[in-house]
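Engineer: model the following, please.
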Amino acid sequence: MSQDASTEQLSTQLHQAILSKEAKVGIIGLGYVGLPLVQAFIGSEFSALGFDVDQKKVDALTRGDSYIKHVDSKWIADWVQSGRFAATSDPKRLAEADVLLICVPTPLDASRDPDLSYVESTTQMIAENLRPGQLVVLESTTYPGTTRDVVAPILAKSGLQPGVDFFLAYSPEREDPGNPNFTASGIPKVVGGYDPVSLKLADAFYAQAVVQTIPVSSCEVAEACKILENTYRAVNIALVNELKLLFDRLDIDVWEVINAAKTKPFGFQAFYPGPGLGGHCIPIDPFYLSWLARANEMPTRFIELAGEINTSMPLFVVQKLADALNNVRKPTNGSKVLILGAAYKKNVDDPRESPTFKIMELLAERGAVLSYNDPYIPKLPSMRHYDLPPLESVELSPANLASFDAVMIVTDHDDYDYQQIVNDAQLVIDTRNATKNVTEGREKIVPA
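Structural biologist: Numbers count the residues shown, from 1 in each chain. Below you'll find the predicted structure:
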């Protein structure tokens, strides 16, 4: 049989398995991206194998226990009991899957350069277990060229060739944790292929489980699409953060300005300021693009400036707290400060890149005595870039709130009773405009 005929046979077999939903889905990385994908494909009548190097996650899923707020434990228990889902830490089992989705972190290193170590190690693991006819899709956010220039050569070390013996594609994750209006299956999926056959297979695969697919001409276009989406947001958030600094000096309420501007029915989209950027996308993705630009001897002034502004916001809100304490004749050094919220955004249990950690680090450097509360994060997790004590979430009783010199709202969870918090606290630093509907005790509130 010729090589071309063999490729055609492999692609036809996989295509038929996808359309009949007999193809087994393997998802590598069972976090905030991977686990909702499991849900989407099992909900579309596929069977799935989940892989993670964290044995604690594997054990929890095998018991039917979820560790992510918006993925219900009952769903996982039902998947396991039905035999349509299994979790493993054994890389040899990756050969069982017909389609492998890579959903591992792509952080920045200490120099704000891309850290592809998780992608590279995962790809090497796949290469050691790769078999002909599999489709491998990278979902992790990265810079244009990663799939073709990094992933493909590692997989080719298996002796199998992409587009010939196996198939390769890129489809950026678009997960929005905590958003009830957009689940993984309800968000359109951009798909780019290493070659036309890989694109056809990846597009057919995602079309079985998501509301719409958007096939594009290459992996590079799909990779660039994800970077554009989050750079757009980062730049616009930086704009309103800079206006927040200016309007604060002019004694103008930036929130009122934004609410007035968004009444225009065209030409304006509201973005909101905050204490800093959080999550696994917006604080990181633009720096992937600026790194790639530097590698090609091109400046990215908008992106670099946006990064500078957004990363300066924790210092701004800490200074607002220090000024507020000073106004009541208290130093930051020795003052008891309660931080409300460790998650990077409201109503989620995801602390990745949360500005809370930088704010707490800055306050600790000034000698503040720190505590925190978050209804979704009972213990403060250790973070790679911050050296903070292993705190546990404290109770928000009236007596406890009153015992703090200042309370800073960093994450505006809907669970919080903001009127009661203001009633009980001595001083409230509001970085999210969470107290906008509070009617009593507004003299205690300091916008930040």
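Engineer: domains of this protein?
Structural biologist: What automatic domain parsing lists as the domains of the chain is 3-217, 241-447.
Engineer: and V407, what element?
Structural biologist: strand 406-409 (DSSP states H and E).
Engineer: keeping just the C-alphas, turn that strand into PDB.
Structural biologist: What follows is strand 406-409, C-alpha atoms only, in PDB (Å, rounded to 0.1, in the frame of the first residue of the first chain):
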ATOM      1  CA  ALA A 406      -9.400  47.900  57.100                       C
ATOM      2  CA  VAL A 407     -11.300  45.500  54.700                       C
ATOM      3  CA  MET A 408     -10.200  45.500  51.100                       C
ATOM      4  CA  ILE A 409     -12.600  44.100  48.400                       C
END
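Engineer: neighbouring strands - and their directions - for that strand?
Structural biologist: strand 336-340 (parallel), strand 428-430 (parallel) (DSSP bridges).
Engineer: so how many other residues sit close to V257?
Structural biologist: The tally of other residues near V257 (other CB atoms under 10 Å) stands at 14. The way it works is simple: take the backbone N, C-alpha and C, and place the C-beta from them, glycine included.
Engineer: shift numbering so it begins at 31
Structural biologist: All set: I'll call the first residue 31, so the last point we hit is now V287.
Engineer: what does the pLDDT read for it?
Structural biologist: Listed pLDDT for V287 reads 97.
Engineer: just S103 next, same as before
Structural biologist: 94.
Engineer: quick check: closest non-adjacent residue to it.
Structural biologist: Ranked by CB to CB, 6 or more residues apart in numbering and with sequence neighbours excluded, the top spatial neighbour of S103 is S96, at 4.4 Å.
Engineer: and what of Y148?
Structural biologist: V134 (4.1 Å).
Engineer: how much space between the one you found and D233?
Structural biologist: 23 Å (CB to CB, to the nearest Å).
Engineer: point out where the stretch 331-478 of the chain drops to low pLDDT.
Structural biologist: 414 (pLDDT under 70).
Engineer: ranges for the helices of the stretch 331-478 of the chain?
Structural biologist: 331-357, 385-395, 428-432, 448-454 (DSSP state H, counting those that start in this stretch).
Engineer: got it, and the stretch 131-280 of the chain?
Structural biologist: Under DSSP H, counting those that start in this stretch, the stretch 131-280 of the chain gives helices at 147-157, 176, 182-186, 226-237, 249-279.
Engineer: rewinding a little: mean neighbour count, the helices of the stretch 331-478 of the chain: which tops it?
Structural biologist: Ranked by average neighbour count under the criterion mean count of other CB atoms under 10 Å, the helices of the stretch 331-478 of the chain are headed by helix 385-395 at a mean of 21.
Engineer: hey, C-alpha coordinates of that helix in CSV?
Structural biologist: In CSV, the C-alpha atoms belonging to helix 385-395 read as follows (Å, rounded to 0.1, in the frame of the first residue of the first chain):
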residue,chain,number,x,y,z
PRO,A,385,-4.1,40.2,41.8
THR,A,386,-4.9,39.2,45.4
PHE,A,387,-1.5,37.6,45.8
LYS,A,388,0.5,40.7,44.6
ILE,A,389,-1.6,42.9,46.8
MET,A,390,-1.0,40.7,49.8
GLU,A,391,2.7,40.6,49.1
LEU,A,392,2.9,44.4,48.9
LEU,A,393,0.9,44.8,52.1
ALA,A,394,3.1,42.2,53.9
GLU,A,395,6.2,44.2,52.8
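Engineer: can you name every helix or strand that it contacts?
Structural biologist: Helices and strands touching helix 385-395, by 3 or more CB pairs under 8 Å, 6 or more residues apart in numbering; DSSP states H and E, are helix 331-357, strand 366-370, strand 399-403.
Engineer: JSON lines for the ones you listed, including distance to M438?
Structural biologist: Shown next, in JSON lines, are the helices and strands packed on helix 385-395 (distance: least, CB to CB, whole Å):
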{"stretch": "helix 331-357", "distance to M438": "6"}
{"stretch": "strand 366-370", "distance to M438": "5"}
{"stretch": "strand 399-403", "distance to M438": "9"}
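Engineer: coming back round to it: for G306, which of the helices of the stretch 331-478 of the chain is the nearest?
Structural biologist: helix 385-395 (2.9 Å; CB to CB).
Engineer: between the closest one and strand 366-370, how big is the angle?
Structural biologist: Here helix 385-395 points in a direction 170 degrees away from that of strand 366-370 (axes from the mean of the first three to the mean of the last three CA atoms, to 10 degrees).
Engineer: mind listing what E205 touches?
Structural biologist: 62-63, 66, 214, 217 (CB atoms under 8 Å, 6 or more residues apart in numbering).
Engineer: just the mean pLDDT for stretch 290-297, thanks.
Structural biologist: Rounded mean pLDDT across stretch 290-297 is 96.
Engineer: okay, now S412: neighbour count?
Structural biologist: By other CB under 10 Å, neighbour count at S412 equals 9.
Engineer: list the contacts for it?
Structural biologist: 418, 420.
Engineer: once you drop chain neighbours, what's closest to G80?
Structural biologist: Closest to G80 by CB to CB, 6+ apart is A117, at 4.4 Å.
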